[in-house]
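Participant: Following is a predicted model, sequence given first.
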There are 2 protein chains.
Amino acid sequence: QGNSASGHSKSASCAACHGAKGQAVNAIYPNLAGQNEDYLALALRAYQKGERSGGQAGVMQAFTSSLSEQDISDLAAYYASLTPLK
Amino acid sequence: QGNSASGHSKSASCAACHGAKGQAVNAIYPNLAGQNEDYLALALRAYQKGERSGGQAGVMQAFTSSLSEQDISDLAAYYASLTPLK
């Protein structure tokens, strides 16, 4: 199971684009705050496996390449725990 | 520019998985309510171009295959206009 506090501590490089609170700094990036935990983990794995290409996918593959399954679970739990803004 | 009312009228097949208000019916799917309009359009184009594979990407490629650029803009505007829940 993912630990959101651990995920927070692992999220520094994510925040550069996805924002300190999971609200993207630019509209070409997705907001992550309040996204479904399962989907977040699936998306991270898809980037890691190279199943997404084009756009920013290469950046995401690089950032996710060193993540363990626990890291992915923790990051997913962290962003799912945040409140989406509008 | 996307028209959110037109997007709503084009969103029936999206709602089966992503929910009537952009809140996914299953946690393996992403919530779309309040997501950034630009990102939503980029993601739809990525699925359409076959730049995403694995998971539900094949389903999304099928659903997006017949979308025009205007359809994509309208759907992105519609989902971006919805208020995310938590």
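Facilitator: Sure, I can see it.

Participant: so where's chain A uncertain?
Facilitator: A:86 (pLDDT under 70).

Participant: Any residues of it in contact with chain B? List them.
Facilitator: Residues of chain A lying close to chain B by CB under 8 Å from any CB of the partner chain are A:24, A:27-31, A:34-39, A:42-43, A:46, A:49, A:51-55, A:57, A:83-86. (C-beta placed from N, C-alpha, C; glycine too.)

Participant: Apply 10 Å and report the result again.
Facilitator: A:23-24, A:26-43, A:45-47, A:49-57, A:80-86 (CB under 10 Å from any CB of the partner chain).

Participant: Go through those residues and flag which are in helices.
Facilitator: When DSSP state H defines the helices, the subset of the residues of chain A next to chain B inside them is A:37-43, A:45-47, A:57, A:80-81.

Participant: Could you identify the most distant pair in these?
Facilitator: A:57 and A:81 (25.3 Å; CB to CB).

Participant: Can you tell me how far the closest residue to residue A:81 other than its chain neighbours is from residue B:35?
Facilitator: Nearest non-adjacent residue to residue A:81, counting by CB to CB, 6 or more residues apart in numbering or on different chains: residue A:4, 4.4 Å away. The gap separating residue A:4 from residue B:35 is 21 Å, by CB to CB, to the nearest Å.

Participant: So between these two, which is more surrounded?
Facilitator: residue B:35 (24 against 19; other CB atoms under 10 Å in any protein chain shown).

Participant: measure the more buried one to residue B:54 for me?
Facilitator: 21 Å.

Participant: And for residue A:56?
Facilitator: Counting by CB to CB, the gap from residue A:56 to residue B:54 is 17 Å.

Participant: Neighbour count for these two, which is higher?
Facilitator: Shown here are residue A:56 and residue B:54; by other CB under 10 Å, residue A:56 has more neighbours (17 against 13).

Participant: residues touching that one, list them.
Facilitator: Residue A:56 is in contact with A:17, A:28, A:29, A:30, A:47, A:63, B:39, B:42, B:46, counting by CB atoms under 10 Å, 6 or more residues apart in numbering or on different chains.

Participant: Could you do residue A:41 as well?
Facilitator: Residue A:41 touches A:2, A:69, A:72, A:73, A:74, A:75, A:76, A:77, A:80, B:27, B:28, counting by CB under 10 Å, 6+ apart.
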